[in-house]
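>>> fold the stuff below for me.
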Amino acid sequence: MPGVRLHGLLASTAIALLLSAGAGALAQSTGAPDNAAVTAPDAANVPATVNPADNAAPAAATAPDPVQATAPAATESVDAMVSAQLHQLSSGKFDRLFGGKTQRTEIEAFYASHNYAPLWIIDGQANDRVSAAMKYLGHVDADGLEPNEYPVPDFKSTDPAALAEAELRLSQTVVTYARHASIGRVAWSRVSADIGYDQKAPEPASILSAIADSKDVAQTLDSYEPHAPGYVALKAKLAEIRAGKADGTKASIPTGPVLKVGDQDDRVPQLREKLNVSGDGGTVYDKALAEAVKKYQKDHDLKQTGTLTQQTIDALNGPRPTHVTETILANLERWRWMPHDLGKTYVIVNLPDYTLRVMHNGEQVWKTKIVDGKPAMPTPIMTAMMKFITVNPTWHVPPSIVNNEYLPAMQQDPSVMERMGLKVDRGQDGTVSIWQPPGDKNALGRIRFNFPNKFLVYQHDTPDKYMFAYDKRDYSHGCMRVLDPPKYAEVLLSLVRPNDHYTVDRIKAMYGPSEINIDFPTFIPVHLTYQTAFVDNDGKLEFREDMYGRDRELLAIMNGPERKIADVPVEHKIDASHRQVLAVPDSPSLWGGGSRGYSSSGSGEGFFSRLFGSFSQPQPVARPAARRKVTTRSPGSVAQ
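Residues are numbered from 1 along each chain as shown. Have a look, this model is predicted:
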């Protein structure tokens, strides 16, 4: 019998030493001495709730007599006992701490690959990683997140079971934070079906491995947040506002009495600067300034009086949300949805600002105006890769519109397609395809910019140029019309095919009756964004109208009961007809003549009016160029 006891004692001691060695592997990265993980505590200090025999090998199943029961504990460090508890918890008990199976499986795999050695504990106490993580997570409000959603547990207990649970809870907190920082606190799918990103959250095991290998835990955690210039600049403005400093917005013209020619007012110099009107530096509201105000009123659909009214002041100051901070928080969240690496060369569209910019090596090389979707048919928010340009595009009518609208219309009037400039082909199997050939009257204009995506939207030329004169340009069915497409094509091709020397003149010389595709050897990311708050090139904080209600929907989730589950995506049923409608260009020639459209229902209502709303109203007349300037830079000097 003594031999059996000795044998059991040796087996228990050997396994305890192995567990201690595993615990020491992660502890070494914290700068602890090599022998720190195997320091044996007094048997008296082993908590009564932990049975050392439970942490020993199965060979110790025969209960040792009371004299030998404390012998294995004398050789075990607290860390080794924590490791044993982690091993026990991995046997189906992780589910008590982790809701999702995937997250639990990944975290369990991390600990198994490290012999269940604790990541956050050394010598039975919280290590330096804990204090670094606690400090960082306590200030994530700088990025628009809530610190109280990323709790750091208490490591003060001496109970290995309690320490093991604290270990796992902190690992869960860090994994949750990294996921939110990487792809968003709110799943974009909860906001709208017209949003789509393919970003994947980092795997829990990779997050914990990064922490284990890190020499700077705070820096590692920060790496999961976006670092795009637009995000960093907006984050800085949030800090300024919260600190009570000037928020960096363009100075607003103060409220005051209505000004007429001859009036004196301290706002006059600021008004001159706003409207770019020269003067003598005085405070007299003179005739030249009144004419500039009148022109501004005309350009912005205001009553053209030339007097400075409150309505004019509000328009000059531009939109400014009631809750500035919340608007910034919503925009920071949308930045997290996007790819955090925007690319060396990319196109970025800001839908509420109606602008498109081409970026290369961190510099803006070109900027232009766009027309984007009306509120009832919003242009989606997404990222896709531009793969080629089509010169002389053909527009193919989406099948749902052919079957539901065009064919019934043709039954009433067989000549309607011809009068609309459309061609009809009938296949041997009875299918009908309808298309508009290339030409000056094609609804896509002369150039289409192709970045295949599930929403079927693209960027294109347009024969209708007048809408670029407006400040507010939400008139399309989802696609984006681009001002000066030949220049846009030249800029893009100079970046992806610099040796081919495409110019505006060369591109225009390609205009003709046949489609020509120019492929990109290197694809260009196209980021369609929704920035209602952003920092402009002068470092000023700008706001734009929440035209699609994306701020409103997102903030309702962030501030409501749905927040508890907001990071869980939801599925949307794909509406193929709706997506095909997004691909319909906006040309009066395709509307069946507005009020002269044909009705398949016999109601007398035009079929395009039923699809897209009434187009019987007069078309807007051309107006002078809007106040925002289109800035360009020759791309000739930009290297690939």
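>>> and for residue 197, nearest residue in space, chain neighbours not counted?
Counting by C-beta to C-beta, 6 or more residues apart in numbering, residue 337 is the residue found nearest to residue 197 once chain neighbours are left out, at 5.2 Å. C-betas here are computed from N, CA, C, even on glycine.
>>> how many neighbours does the one you found have?
23 (other C-beta atoms under 10 Å).
>>> any idea of the pLDDT on it?
Predicted confidence (pLDDT) for residue 337: 98.
>>> now the one 10 residues further on
In the prediction, the pLDDT value recorded for residue 347 is 98.
>>> do the same with the one 3 residues further on
Predicted confidence (pLDDT) at residue 350: the value is 98.
>>> and the one 10 residues further on, by the same measure?
pLDDT, residue 360: 97.
>>> what's the answer for residue 283, then?
In this model, residue 283 is scored at 88, pLDDT.
>>> count of residues packed around it?
15.
>>> how about residue 188?
22.
>>> would residue 449 count as being in a strand?
Yes - looking at residue 449 with DSSP: H, G, I helix; E, B strand; the rest coil, it is inside a strand.
>>> could you find the closest non-adjacent residue to it?
residue 459 is the one closest to residue 449 (C-beta to C-beta, 6+ apart), at 4.1 Å.
>>> who does the one you found form a beta bridge with?
Beta-bridge partners of residue 459, counted by DSSP bridges, are residue 449, residue 480.
>>> from residue 183, how far off is the residue nearest to residue 197?
According to C-beta to C-beta, to the nearest Å, residue 337 stands 7 Å off from residue 183.
>>> each with direction, which strands does the longest strand along the chain pair with?
Using DSSP state E, we find that the single longest strand of the chain is strand 516-529. Next to strand 516-529 in the sheet, as set by DSSP bridges, lie strand 345-350 (parallel), strand 381-391 (antiparallel).
>>> can you list those in JSON lines and add distance to residue 419?
Output for these, formatted as JSON lines (distance: least, C-beta to C-beta, whole Å):
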{"stretch": "strand 345-350", "distance to residue 419": "35"}
{"stretch": "strand 381-391", "distance to residue 419": "26"}
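>>> nearest to residue 118, out of these?
strand 381-391 (39.2 Å; C-beta to C-beta).
>>> just the mean pLDDT for that closest one, thanks.
In the prediction, strand 381-391 has an average pLDDT of 97.
>>> how about it as PDB, C-alpha atoms only?
Below are the C-alpha coordinates for strand 381-391, written out as PDB (Å, rounded to 0.1, in the frame of the first residue of the first chain):
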ATOM      1  CA  ILE A 381     -23.800  52.500 -48.800                       C
ATOM      2  CA  MET A 382     -21.100  49.900 -49.700                       C
ATOM      3  CA  THR A 383     -17.700  49.200 -51.000                       C
ATOM      4  CA  ALA A 384     -17.000  47.500 -54.400                       C
ATOM      5  CA  MET A 385     -14.100  47.200 -56.900                       C
ATOM      6  CA  MET A 386     -14.100  49.200 -60.100                       C
ATOM      7  CA  LYS A 387     -13.000  46.800 -62.800                       C
ATOM      8  CA  PHE A 388     -13.500  48.500 -66.100                       C
ATOM      9  CA  ILE A 389     -14.900  51.500 -68.000                       C
ATOM     10  CA  THR A 390     -17.400  51.200 -70.800                       C
ATOM     11  CA  VAL A 391     -17.300  53.800 -73.600                       C
END
